[in-house]
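**Student:** Sequence and predicted structure below; questions after.
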Amino acid sequence: QKEVEQNSGPLSVPEGAIASLNCTYSDRGSQSFFWYRQYSGKSPELIMSIYSNGDKEDGRFTAQLNKASQYVSLLIRDSQPSDSATYLCAGGGYQKVTFGTGTKLQVIP
Amino acid sequence: GAVVSQHPSRVICKSGTSVKIECRSLDFQATTMFWYRQFPKQSLMLMATSNEGSKATYEQGVEKDKFLINHASLTLSTLTVTSAHPEDSSFYICSAREGTDNSPLHFGNGTRLTVT
């Protein structure tokens, strides 16, 4: 079992819709969780960090964490074509950050 | 804040030569830096974890004598690809962690290595 799992997609949503990206993790010792966005040919950039159960909002992005279910999600409201990228979920602990393989998001104009 | 600078961004070298890639944390001290490799349309692959002042920890299957990592200071880590071969052509990305073990990784812009 992979430590951090994501559906590879592609996930296609129309412009203006809400994109919902999901991630599960197996290490209950993970204390911190991150969402990164990676455009093709570029390095990942940090979008959100979340550490406690519940929702965390930043602009059009909302991260959700449920430690009991070992589940992390990212909602992107009012999706734009520029949001088309691969989204990486990561779980962190001591000396280690484990990445999922990423979900490719396509926002259709 | 939390800027990681990686150089060079692109390098082309001949087979058998060595290439050094630098990764610097510009505005924070990075006790731990990570090196990744990514092939086209594939996910990030962790190569090694580098701690300042100590030997790097390599992931299974990564040759430590081929990929030399030095983390001499809290702001600089280097990756040297020795005796490069065409199969080493890839996108190499460094990242650094600021502060505690719960802090996120910040990535450099990556180095695209082409070995001819």
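**Tutor:** Nice, I can see it.

**Student:** check contacts around residue B:37.
**Tutor:** Going by C-beta atoms under 8 Å, 6 or more residues apart in numbering or on different chains, residue B:37 touches B:44-45, B:47, B:90-93. (C-beta placed from N, C-alpha, C; glycine too.)

**Student:** Read off the pLDDT value for it.
**Tutor:** What the model reports as pLDDT for residue B:37 is 96.

**Student:** For the helix or strand bottoming out on mean pLDDT in chain A, list the C-alpha coordinates in PDB.
**Tutor:** Between all helices and strands in chain A, the lowest mean by mean pLDDT, DSSP states H and E belongs to strand A:96-99, at a mean of 87. In PDB, the C-alpha atoms belonging to strand A:96-99 read as follows (Å, rounded to 0.1, in the frame of the first residue of the first chain):
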ATOM      1  CA  LYS A  96      10.200  12.900   6.000                       C
ATOM      2  CA  VAL A  97       7.600  14.200   3.600                       C
ATOM      3  CA  THR A  98       5.800  11.600   1.400                       C
ATOM      4  CA  PHE A  99       4.200  12.700  -1.800                       C
END
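
**Student:** The next helix or strand after that strand packs against which elements?
**Tutor:** Using DSSP states H and E, the next helix or strand after strand A:96-99 towards the C-terminus is strand A:103-108. For strand A:103-108, the elements it packs on are strand A:11-14, strand A:19-25, strand A:85-93, judged by 3 or more C-beta pairs under 8 Å, 6 or more residues apart in numbering or on different chains; DSSP states H and E.

**Student:** most neighbours per residue, which of the ones you listed?
**Tutor:** When you average the neighbours per residue for each of the helices and strands packed on strand A:103-108 (mean count of other C-beta atoms under 10 Å in any protein chain shown), strand A:85-93 leads with a mean of 23.

**Student:** Can you list the strands that that one pairs with?
**Tutor:** Strand A:85-93 has its sheet partners listed here by DSSP bridges as strand A:32-38 (antiparallel), strand A:96-99 (antiparallel), strand A:103-108 (antiparallel).

**Student:** With respect to burial, which of those strands scores highest?
**Tutor:** Comparing those on average neighbours, where mean count of other C-beta under 10 Å defines a contact, strand A:32-38 leads with a mean of 23.

**Student:** what does it rub up against?
**Tutor:** Counting by C-beta under 8 Å, 6+ apart, A:21, A:23, A:25, A:44-51, A:61, A:63, A:65, A:72, A:74, A:83, A:85-93, A:97, A:99, A:102, B:101-105, B:107 sit against strand A:32-38.
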